[in-house]
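Novice: Mind folding the following:
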Amino acid sequence: MSSKEGSGSGRRKKLVAQDYSALFTKMATTIDEKEAKKQTEEENTIVNPDEDEQMDMAAMMGFAGFGKKGEDKELKKKQQADMIASTKRIPVDQKESDAPLAAATPDTPSTTSATKVDSNESEDDGDDVDGIEAQDSLGIPVSHEVTLKHGERPISAMDIDPSGARVVTGSFDYKVKLWDFAAMDARMRSFREVEPFEGVQVRKLLFNNTGDLIVVCTGNATPKVVDRDGFDVVECLKGDQYFNDLSKTYGHVSLVNDATWHPTKKNLFITCSADSTVRVWNTDSTQLNNTLKSSICGKCRARNGKRAGILSVAISPVCGKLVVVGCEGGSIQSFSLGDRMMIPKQQHHGAHAEGTDVTCLRFSRDGRLLSRSTDGTVKLWNAKKLTQGPTYSQGDLPCYYSMTECVFSPDEQYVLTGLSGPDVGGVLVLLDGHNLTPVRRFGLAGTGIGVIRIKWHPRINQILCSLSKGHTKVLFDNDKSFRGAKFCVSKAPRKANALDAVGVESFGSVEGAIVAPNTLLAFRTEEDEQKQRRTTKRQREKARKDQKKTMMPEKPMPSDTKEFGLGYQGQVRNYPTSLNQFLATKTSYDKTRDEDPREAILKHAEEAAKNPMFVDTAYKMFNNRVDPIFNEEYDSDDEEHQGTLYKQRKFDPEKKPFQVKSRDVGVDGNLKE
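Specialist: Predicted coordinates:
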């Protein structure tokens with residue numbers, strides 16, 4: 001028996017050993033196959049070491065296998081590339097875009113080479129106007145464009161902050177809109193809309209050097225400063241329009257056309273107005289009611305000595321001591337900015353054609369001055385020698401709006417300006433930055449639509465142009481531009497959700513309509529309805545007692561009750577809670593006014609005779625009896641009462657008034673003879 005059991009146990013052990021060996025062999029084969037398969041996949045695919053590190057880190061932290069599966073990165077990049085390609089700019093076919101500009105006018109002998117350069121450029125322009133290859137060779141970021149739709153009226157003010165993340169636009173429709181590239185998607189919608197002053201068009205918007213404040217100039221005489229979100233910070237005071245000398249008042253008295261910030265002092269900004277004054281404001285000198293006073297003022301005069309309205313202002317970017325203004329009538333005047341005053345330096349009344357307006361002034365870093373005018377010219381000046389005339393001039397640039405700008409490129413190799421007019425399309429003109437020779441034209445809109453404001457941001461390398469049809473064009477290049485509009489163009493709008501129909505944005509959102517089935521009538525029971533009735537009745541009774549909800553009038557204030565009134569019959573009561581209650585207590589009716597005081601005293605005559613308390617008690621102490629003596633009635637015609645005291649005396653100014661002395665009166669009260 002024992003031998004059989006031993007043989008059986010040995011057979012079982014042998015079988016178990018064979019099963020384990022077969023299992024281990026199978027597992028090893030499976031592992032080898034998996035490793036080989038993994039090795040072949042690694043050979044066929046390119047592995048990013050950064051992704052491997054991220055996956056290892058996620059696996060180590062324990063959430064590698066959780067969450068929503070990410071989208072294919074290659075597919076996402078392809079979608080973004082398609083969205084950017086859809087914004088590729090299509091040149092507008094216009095005669096203005098195809099025609100070369102006129103040659104620069106040589107104002108000095110050194111401009112003879114400018115004509116040669118212009119002839120060569122004009123030949124190139126005729127071959128390929130607005131071509132992509134020419135754009136790439138020049139480095140101008142105009143291959144793609146997006147549109148910021150403000151409204152339908154001309155955009156008269158536009159600026160972008162120094163970081164290139166936020167844009168502000170203002171229009172003739174009196175409104176200001178703020179745009180954030182980081183928060184926008186491909187739909188390009190603004191995040192805030194404000195109206196600085198009701199019914200007044202916006203003339204100028206400008207960020208400060210740090211990008212946290214914006215100066216707003218409108219058709220009103222009081223410019224204001226707002227933060228980067230559009231909320232008011234401080235407002236400038238309005239001056240007294242009846243002052244002959246406007247430097248004696250503390251603000252403008254007419255519409256403000258332009259403004260600029262000081263390049264080195266972030267708390268100073270300068271404004272110019274149609275009242276012929278240019279003023280300096282300090283945001284640190286705020287008054288109690290968040291207003292500013294201007295302590296520094298400069299005045300401009302025309303050739304005939306009359307006031308000349310100012311349309312544009314610029315300040316030297318290096319030291320901030322030279323202020324140049326462009327006036328109505330085509331004159332340019334400069335001031336030296338001091339700590340307490342502005343000293344006039346130069347006046348050039350014939351800078352542009354007489355009767356035209358100087359719409360824009362821009363300084364370069366090397367001290368050159370660029371001017372734009374409604375006479376259709378762009379001129380380059382030496383800011384320190386204005387009276388000697390312009391260095392270079394370029395004409396045949398029609399300008400219709402009084403706030404048309406011209407700007408230098410970030411490297412100051414080119415000059416950009418826009419064309420506008422009834423017969424001219426929205427064309428962006430590129431000029432040489434040294435001699436103003438024409439380089440290229442870019443068509444942005446159809447005929448009758450003008451280009452007004454222009455900004456070329458140096459950090460993101462993008463060009464912003466405001467148009468007269470209420471749109472702002474943002475031009476950029478896919479390779480040469482960074483962030484800005486390029487960032488939000490590749491961001492697709494959020495996909496439509498089924499919960500949007502009921503107002504719920506997502507499953508984790510508590511906004512919108514929330515439907516609870518148990519609150520519907522079909523799911524209610526009798527107990528729920530009774531409870532609802534009791535609760536409703538209780539709430540109605542409570543609301544009925546509330547004086548504000550029921551709009552209950554105030555109760556009358558009688559003076560003979562203990563609830564109202566200041567006091568009555570020596571009892572002090574609650575003080576009234578309103579002016580009406582106080583006046584009611586003062587004018588309340590008192591019954592004692594209609595009672596005869598003599599009858600009121602005689603009511604107590606019998607009681608006083610029975611129980612004397614005052615006079616008789618005092619005389620009893622001296623054992624003297626006092627009989628009361630009452631005044632007897634008499635006739636006014638009795639002769640014995642017609643004495644000297646009872647006669648009506650006539651007024652005599654020469655006589656002294658009759659005076660009765662105490663020594664002339666006897667013991668019985670009569671006068672001594």
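Novice: nearest residue to residue 281 other than its sequence neighbours?
Specialist: Using C-beta to C-beta, 6 or more residues apart in numbering and skipping residues adjacent in sequence, the residue nearest residue 281 is residue 292, 5.1 Å away. C-betas here are computed from N, CA, C, even on glycine.
Novice: Could you tell me how many residues sit around that neighbour?
Specialist: By the measure other C-beta atoms under 10 Å, the count of residues near residue 292 is 24.
Novice: Relative to residue 342, how far out is it?
Specialist: The gap separating residue 292 from residue 342 is 17 Å, by C-beta to C-beta, to the nearest Å.
Novice: how about residue 347, phi and psi?
Specialist: Residue 347 adopts backbone torsions of phi -140, psi 120, taken as degrees, to the nearest 10.
Novice: and the nearest residue to it once chain neighbours are set aside, what helix or strand is that in?
Specialist: Among residues not flanking residue 347 along the chain, residue 333 sits closest, at 4.8 Å (C-beta to C-beta, 6+ apart). Assigning secondary structure by DSSP states H and E places residue 333 in strand 332-337.
Novice: Any buried residues in that strand, and which?
Specialist: Judged by neighbour count (16 or more other C-beta atoms under 10 Å), strand 332-337 contains these buried residues: 332-335, 337.
Novice: Packing partners of that strand?
Specialist: strand 322-327, strand 342-348 (3 or more C-beta pairs under 8 Å, 6 or more residues apart in numbering; DSSP states H and E).
Novice: Report the contact partners of the residue nearest to residue 347.
Specialist: 300, 324-325, 327, 344, 346-348 (C-beta atoms under 8 Å, 6 or more residues apart in numbering).
Novice: Next, the contact list for residue 246, please.
Specialist: Per C-beta under 8 Å, 6+ apart, neighbours of residue 246: 239, 253, 275-277, 297, 299.
Novice: Present those residues as TSV; the columns should include secondary structure, pLDDT and distance to residue 425.
Specialist: TSV is the format used below for the contacts of residue 246 (DSSP: H, G, I helix; E, B strand; the rest coil; pLDDT from 0 to 100; distance: C-beta to C-beta, whole Å):
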residue	secondary structure	pLDDT	distance to residue 425
239	coil	92	41
253	coil	94	39
275	coil	93	36
276	coil	93	35
277	strand	94	37
297	strand	92	41
299	strand	92	40
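Novice: which one of the residues you listed sits closest to residue 355?
Specialist: Nearest to residue 355, judged by C-beta to C-beta, of the contacts of residue 246 is residue 276 at 16.8 Å.
Novice: ok, residue 193 touching residue 174?
Specialist: No. Counting by C-beta atoms under 8 Å, residue 193 stays clear of residue 174, with 10.9 Å between them.
Novice: returning to what we had before: quick check: phi and psi at the residue nearest to residue 281.
Specialist: Per-residue torsions, residue 292: phi -120, psi 150 (degrees, to the nearest 10).
Novice: distance of it from residue 269?
Specialist: 10 Å.
Novice: Residue 91: how many residues sit nearby?
Specialist: Neighbour count of residue 91, defined by other C-beta under 10 Å: 16.
Novice: pretty sure it contacts residue 440?
Specialist: No. In this structure, residue 91 is not within contact of residue 440 by C-beta under 8 Å, at 11.0 Å.
Novice: Assign the closest residue to residue 313 other than its chain neighbours to helix, strand or coil.
Specialist: Nearest non-adjacent residue to residue 313, counting by C-beta to C-beta, 6+ apart: residue 272, 4.3 Å away. What DSSP: H, G, I helix; E, B strand; the rest coil gives for residue 272 is strand.
Novice: so what's residue 272 up against?
Specialist: Taking C-beta under 8 Å, 6+ apart as the criterion, residue 272 is in contact with 256-259, 278-279, 310-313, 325.
Novice: ok so, going back, kindly export the strand holding residue 333 (C-alpha atoms) in PDB.
Specialist: Extracted C-alpha coordinates of strand 332-337, given in PDB (Å, rounded to 0.1, in the frame of the first residue of the first chain):
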ATOM      1  CA  ILE A 332       4.700 122.800 -38.400                       C
ATOM      2  CA  GLN A 333       5.900 124.300 -35.100                       C
ATOM      3  CA  SER A 334       8.300 123.000 -32.400                       C
ATOM      4  CA  PHE A 335       8.600 123.600 -28.700                       C
ATOM      5  CA  SER A 336      11.200 122.900 -26.000                       C
ATOM      6  CA  LEU A 337       9.600 121.000 -23.200                       C
END
